[in-house]
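Chemist: Sequence first, predicted coordinates after that:
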Amino acid sequence: MNMLVRHAMGSLLLFSVSGCAQNQTLSPPPGGEEVSITVKVPPNLAAEPMRVMYRSEKCSIKRSGADWSSYEEDGYLSTTIQPQQQGQSDIYEAKLAINGGSRCQWQLSNVTFGVTYANTTHFGDTVRAGPGGGIIVMFDQHLPQQRSAFEPTRKVSGDLLIRKDYYPWINEQLIGKHENVAWIVGEGEIYSYYRAPNARKLTFEPVLHADYVVYSVESKVQKVGSYPQNTYPDGSVTADGNKPSFKKLQAIRLSKGNK
C-alpha cells in the first residue's frame with residue numbers, strides 16, 4: 001500500500017498533478033524515507049490540513065519568457081493531507097514520503113501546516129475564524145507557493161522544533177462586508193518560513209495565550225490618517241495603521257508574571 005496514504009489517510013488517495021504529467025499518482029517506494037510532522041494543538045484550536053508540494057526534474061514544464069523565449073522548470077504536484085489525532089491526545093501527526101516515486105520520481109519540496117480556530121462562538125455568534133498560526137517548511141531550493149516578501153527564512157541543518165507564542169486578535173471590519181474575524185497573532189506575518197532539507201522530524205508546539213485578547217475596529221470611512229483602533233488586554237489603545245503588536249502583547253503578559 002502507498003506509504004504516504006497508509007500513514008496519512010488510511011485509504012487510497014489520488015493526487016492531482018499540474019504540468020506535463022497530469023493525472024499521475026504518488027507511488028513512494030516501500031520502506032522509503034519519510035518526514036514526520038507533529039502538531040501539539042492548544043484548546044479551542046484545530047490542526048489545519050497540510051498542503052504538500054512535490055517537484056520533479058524528470059517531468060519538467062515548458063514556460064515562455066517575456067521575450068517569447070522558452071525555458072523549462074521542474075514539474076509540480078500538490079496534495080492536501082489531514083493530520084491524524086494520536087489517541088485521545090492533543091498531538092496530531094502526518095508522515096510524508098521524501099521520494100514520491102512514479103515515473104516522474106517526485107521529490108518532497110515543501111509543506112504548509114499550522115493551527116486555526118475550531119470554534120469561535122466564545123467570541124460571539126458573528127465571529128468567524130481567520131488566518132494566522134501557519135508554518136511553511138522547504139526541503140529544496142524552491143520557494144513555496146505562498147511567500148511573504150517581509151518574512152525571513154530560517155535555515156535549519158537537522159530536525160526542527162518550533163515553539164511559538166500566539167494571541168487572539170478579534171478584528172471588526174466595517175468597510176465593505178461588515179464582519180468580525182478571529183485572527184491568531186504571532187511574531188511576524190501569517191506564516192513563518194523555514195528551510196530544512198535534512199529534517200526528518202518536524203514538531204510544532206504553538207502556545208495560545210487565550211486570556212490576552214486584542215480587539216480592533218476599522219474606521220467607517222477611508223481617508224488619510226484614519227486607522228483601525230487596537231485595544232490591548234491592559235486597556236491601552238493604538239491607532240497607528242499597524243496590526244496589533246506582538247511585542248506589546250508579550251510585554252503585557254510578562255508584566256503580570258505569566259510565562
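Modeler: Nice, thanks for sending it over.
Chemist: which residues touch residue 151?
Modeler: By Cβ atoms under 8 Å, 6 or more residues apart in numbering, residue 151 lies in contact with 188, 189, 191, 192, 193. (Glycine included, C-beta is placed from N, CA and C.)
Chemist: All the strands of the stretch 101-250 of the chain, in order from the start?
Modeler: Using DSSP state E, counting those that start in this stretch, the strands of the stretch 101-250 of the chain run over 106-117, 127-129, 134-138, 153-155, 160-173, 179-185, 191-195, 201-208, 214-217, 229-231, 237-238.
Chemist: tilt between the first one and strand 160-173?
Modeler: To tie it back to what came earlier, the one meant is strand 106-117. 50 degrees (axes from the mean of the first three to the mean of the last three Cα atoms, to 10 degrees).
Chemist: Parallel or antiparallel, list what pairs with strand 106-117.
Modeler: According to DSSP bridges, strand 106-117 has the following sheet partners: strand 45-47 (antiparallel), strand 50-64 (antiparallel), strand 99-101 (antiparallel), strand 134-138 (antiparallel).
Chemist: Could you do the last one as well?
Modeler: Here the strand partners of strand 237-238, with direction, are listed using DSSP bridges: strand 229-231 (antiparallel).
Chemist: quick check, distance from the host helix or strand of residue 251 to the centre of its chain.
Modeler: Assigned by DSSP states H and E, residue 251 belongs to helix 246-255. Distance of helix 246-255 from its chain centroid, counting by Cα atoms, centre = their mean, to the nearest Å, is 24 Å.
Chemist: between it and strand 160-173, how many degrees?
Modeler: Relative orientation of helix 246-255 versus strand 160-173 (the same axes, to 10 degrees): 100 degrees.
Chemist: rewinding a little: can you convert the strands paired with strand 106-117 into CSV and add a column each for mean pLDDT, mean neighbour count and distance to residue 159?
Modeler: Formatted as CSV, the strands paired with strand 106-117 follow (pLDDT from 0 to 100; neighbours: other Cβ atoms under 10 Å; distance: least, Cβ to Cβ, whole Å):
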stretch, mean pLDDT, mean neighbour count, distance to residue 159
strand 45-47, 95, 21, 19
strand 50-64, 88, 18, 17
strand 99-101, 94, 22, 19
strand 134-138, 96, 23, 11
